[in-house]
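Chemist: Using only what follows, build the 3D model:
(one chain, ligands or ions: 2)
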Amino acid sequence: MAPRPLGPLVLALGGAAAVLGSVLFILWKAYFGRGRERRWDRGEAWWGVEPARLPPWDEWDPEVEEAEEPALEELEQREVLVLGLDGCGKSTFLRVLSGKTPLEGHVPTWGFNSVRLPTRDFEVDLLEIGGSQNLRFYWKEFVNEVDVLVFMVDSADRLRLPWARQELHKLLDKDPDLPVVVVANKQDLNEAMSVVELQQELGLQAVDSQREIFLLAASIAPAGSGIEEPGTVHIWKLLLELLS
Ligand SMILES: Nc1nc2c(ncn2[C@@H]2O[C@H](COP(=O)(O)OP(=O)(O)OP(=O)(O)O)[C@@H](O)[C@H]2O)c(=O)[nH]1
Ligand SMILES: [Mg+2]
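Modeler: Ligands and ions are numbered 1, 2, ... in the order given. Sure, this is the predicted structure:
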């Protein structure tokens, strides 16, 4: 039997993908628009996103900062894109940063998810795009729009590390000047690869030496007890340095 022509189906799917990508992009721009007129008040929430709170373990004392903080209208915005394969811990990172407890299991992000964190000098918008295969296609549309890329990997997921490497390098190629923080998450797991191993497996040694690229070990939501340093603080501090 002769194979059925796929042309119209492929065209339709391609069109649908392009429309979804554009919609995501427009929604994100509308939400994170840099102009004052697009800002939302601190009390408001959008798409179920609660106003950000500071993590309790941060050294920053919110009460002191509150008094010194300039009016909201004067705050500039910085944008951080958080990417990585599904299940690596992106949503957990955003939850922990905004002072919430991590969810028990993996609840995949179907689309995007964001938090806004105020600092003394600027507001930081962190945007996660889900890591499932069909959403990875859209990642590249966002990299040129942000100030820093956080690329997270599950250090224990040896099987899918080549995919993570491939996706990371596509993004690095897309914007050669974008500062990148690679987070080696889930270091609490026995089977986790070390930072040295990950540096090699992710091909980071070959990255242009002029580029600002960092590799940080982390256990955003450690499975066992007794791990005091979750790594989130280090990531946040590095982000603040890069964004300042
Ligand atoms: N052991 C361990 N588990 C973690 C850590 N960080 C996150 N997790 C778990 O990993 C699972 C997936 O985390 P998510 O934050 O939902 O992953 P995600 O990257 O947002 O996934 P998608 O939205 O599907 O792209 C959850 O069950 C988290 O509790 C960690 O440091 N250690
Ligand atoms: Mg998620």
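Chemist: List the residues that contact residue 92.
Modeler: Residues near residue 92 by CB atoms under 8 Å, 6 or more residues apart in numbering: 102-103, 220-221. Quick note: C-beta positions are derived from backbone N, CA and C, even for glycine.
Chemist: Out of those residues, which two sit at the greatest distance?
Modeler: Distances among those were taken as CB to CB; the most separated pair is 103 and 220, at 11.7 Å.
Chemist: Now residue 214: closest residue in space that isn't a chain neighbour?
Modeler: Nearest non-adjacent residue to residue 214, counting by CB to CB, 6 or more residues apart in numbering: residue 181, 4.9 Å away.
Chemist: ok, that neighbour - contacts?
Modeler: Taking CB under 8 Å, 6+ apart, one finds 148-151, 213-214, 216, 235, 238-239, 242 in contact with residue 181.
Chemist: now with 7 Å?
Modeler: By CB atoms under 7 Å, 6 or more residues apart in numbering, the contact set of residue 181 is 148, 150, 214, 216, 235, 238-239.
Chemist: And it, how close does it get to residue 74?
Modeler: The spacing between residue 181 and residue 74, counted by CB to CB, to the nearest Å, is 27 Å.
Chemist: ditto for residue 162
Modeler: In terms of CB to CB, residue 162 sits 46 Å off from residue 74.
Chemist: ok, which residues in the protein are in contact with ligand 1?
Modeler: With CB under 6 Å from any ligand atom as the criterion, the chain meets ligand 1 at residues 84, 86-92, 102, 105-109, 130-132, 185-186, 188-189, 219-223.
Chemist: about what we covered before: partner strands of the strand or helix carrying the residue nearest to residue 214, with direction?
Modeler: Assigned by DSSP states H and E, residue 181 falls within strand 180-185. Note on strand 180-185: by DSSP bridges, its sheet partners are strand 148-154 (parallel), strand 213-217 (parallel).
Chemist: so what pLDDT did residue 242 get?
Modeler: At residue 242, the model reports a pLDDT of 96.
Chemist: Could you check the angle the strand or helix carrying it makes with strand 180-185?
Modeler: Following DSSP H and E, one finds residue 242 within helix 232-243. Per axes from the mean of the first three to the mean of the last three CA atoms, to 10 degrees, the angle that helix 232-243 makes with strand 180-185 is 180 degrees.
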